[in-house]
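Participant: A predicted structure for the sequence below; I have some questions about it.
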Amino acid sequence: QVQLVEAGGGLVQAGESLNVSCAVSGRTFIGYTMGWFRQAPGQEREFVAAIEGRGYITTYADSVKGRFTISRDNAENTVDLQMSSLKPEDSAVYYCAATMRNIYYARRPDEYDYWGQGAQVTVSS
C-alpha cells in the first residue's frame, strides 16, 4: 500500500512563487511514476506534471511549461512541485498521485492508482 501526503500550498499574489511537496510511504517509491494534478471548483481534475522513477524524464501540461518544475528525491521518498510566475488561473487544489505506468501513459487521472488528500493553492490578482 502506498500513502501520499501533500504539504505546502497557500495564498500568494500573481507573479509570486510557491512550492507544494508530497511525502510517499512504501519501499518501492522508485518504481512509481509520480504526477501532480489540480482541480478548480466546478472543473475536472487536470494533469499538471509527471516525473518517472529515476527522475530523468519529466512532462508538463502546456499551461505550466516553463513556470513549474517537478522533481523527486528517491532517498527521501518525496516529490516536489515548484511553481513560479503564478497566475490566478493556477488557483486549485493540487494533488500528487502515483502510478506504475510508464510516464508516457500517465497524463490522465484514471491512469493513477494512489492519491494524496490535496493542497490548496490560491493566487490573487
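Facilitator: Here it is on my side, so go on.
Participant: correct me, but Thr58 touches Val48?
Facilitator: No - using CB atoms under 8 Å, Thr58 is not in contact with Val48; the gap is 11.2 Å. In this view, the C-beta of every residue, glycine as well, is placed from N, C-alpha and C.
Participant: Neighbour count for the two, which is higher?
Facilitator: Ranked by neighbour count (other CB atoms under 10 Å), Thr58 and Val48 place Val48 first, with 25 against 15.
Participant: Next up, the contacts around the more buried one.
Facilitator: 35-38, 60-61, 64, 68, 81, 94 (CB atoms under 8 Å, 6 or more residues apart in numbering).
Participant: tell me the two of those residues that are most distant?
Facilitator: Based on CB to CB, the longest span within the contacts of Val48 runs between Tyr60 and Tyr94 and measures 13.9 Å.
Participant: Show me which of the two is the more surrounded one.
Facilitator: Tyr94 (24 against 18).
Participant: Am I right that that one is in a helix?
Facilitator: No - looking at Tyr94 with DSSP: H, G, I helix; E, B strand; the rest coil, it is strand, so not inside a helix.
Participant: which residue ranges form the strands in this protein?
Facilitator: Here the chain has its strands, by DSSP state E, at 4-8, 10-13, 18-24, 33-39, 46-51, 58-60, 68-73, 78-83, 92-99, 114-115, 119-124.
Participant: could you give the angle of the first one to strand 92-99?
Facilitator: Angle, strand 4-8 to strand 92-99, by axes from the mean of the first three to the mean of the last three CA atoms, to 10 degrees: 150 degrees.
Participant: Using CSV, list the CA coordinates for strand 4-8.
Facilitator: Provided in CSV are the C-alpha atoms of strand 4-8 (Å, rounded to 0.1, in the frame of the first residue of the first chain):
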residue,chain,number,x,y,z
LEU,A,4,0.7,10.1,-0.2
VAL,A,5,0.6,13.3,2.0
GLU,A,6,0.9,16.7,0.5
ALA,A,7,2.3,19.8,2.2
GLY,A,8,2.7,23.4,1.3
